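Asks: Need a 3D model of the sequence below.
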Amino acid sequence: RTGSPLHAYDLLKVSCQTARSIIVLSQSGDPDRADATTLRIVLTLKGLKRELNGHIVAEIQDIDNEPLVQLVGGTSVETVVSHDMIGRLLLVSMHEPGLAKVYRTTLGYEGHEFYAAEWPEL
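Replies: Reported below is the predicted structural model:
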């Protein structure tokens, strides 16, 4: 399906109100613009006529914008400040030499591919 997360009709079309979790990923580019778009999406989700069953996880790029999203979303929104989190992971990796490999293995996609095939004999 296609649509915009800024339009309530498109969100209802994909039945977002029945989802247990909704992830709002930040756009690339200027952090303030990206966070403004994330805020608008959260506003649209919270303004739907039907109440959401799940919670919203929203990615924020600038930690100064986090209180705005928290204010709008209330208790149903959890924010993740991506730049802050990446910085912390890098700092911890500097102090623990093998930790970067653990992150790569845990969070990476290498060796976790899926392949679709048909077996008519089954």
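Asks: Do a quick rundown of the helices in the protein.
Replies: For the chain, the helices defined by DSSP state H cover 8-13, 31-46, 66-73, 82-95, 99-107.
Asks: hey, C-alpha coordinates of the first one in CSV?
Replies: This means helix 8-13. C-alpha atoms of helix 8-13 as CSV (Å, rounded to 0.1, in the frame of the first residue of the first chain):
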residue,chain,number,x,y,z
ALA,A,8,-5.3,10.2,8.7
TYR,A,9,-7.2,8.5,5.9
ASP,A,10,-4.0,6.7,4.8
LEU,A,11,-3.3,5.6,8.4
LEU,A,12,-6.8,4.2,8.8
LYS,A,13,-6.5,2.4,5.4
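Asks: Any buried residues in that helix, and which?
Replies: Along helix 8-13, these residues count as buried under the neighbour rule (16 or more other C-beta atoms under 10 Å): 8, 11. Bear in mind the C-beta positions are built from the backbone N, C-alpha and C, glycine included.
Asks: chain center to stretch 12-26: distance?
Replies: 11 Å (C-alpha atoms, centre = their mean, to the nearest Å).
Asks: Now do it: distance from first to last residue.
Replies: One end of stretch 12-26 sits 21 Å from the other (C-alpha to C-alpha, to the nearest Å).
Asks: Can you give the contact residues for that stretch?
Replies: Identification of contacts with stretch 12-26 by C-beta atoms under 8 Å, 6 or more residues apart in numbering yields 1, 3, 5, 34-35, 37-38, 41-42, 45, 48, 50-61, 82.
Asks: Any idea which of the helices of the chain gets closest to A117?
Replies: helix 99-107 (26.4 Å; C-beta to C-beta).
Asks: Quick one: list the elements packing against the closest one.
Replies: With contacts defined as 3 or more C-beta pairs under 8 Å, 6 or more residues apart in numbering; DSSP states H and E, helix 99-107 has these neighbours: helix 82-95.
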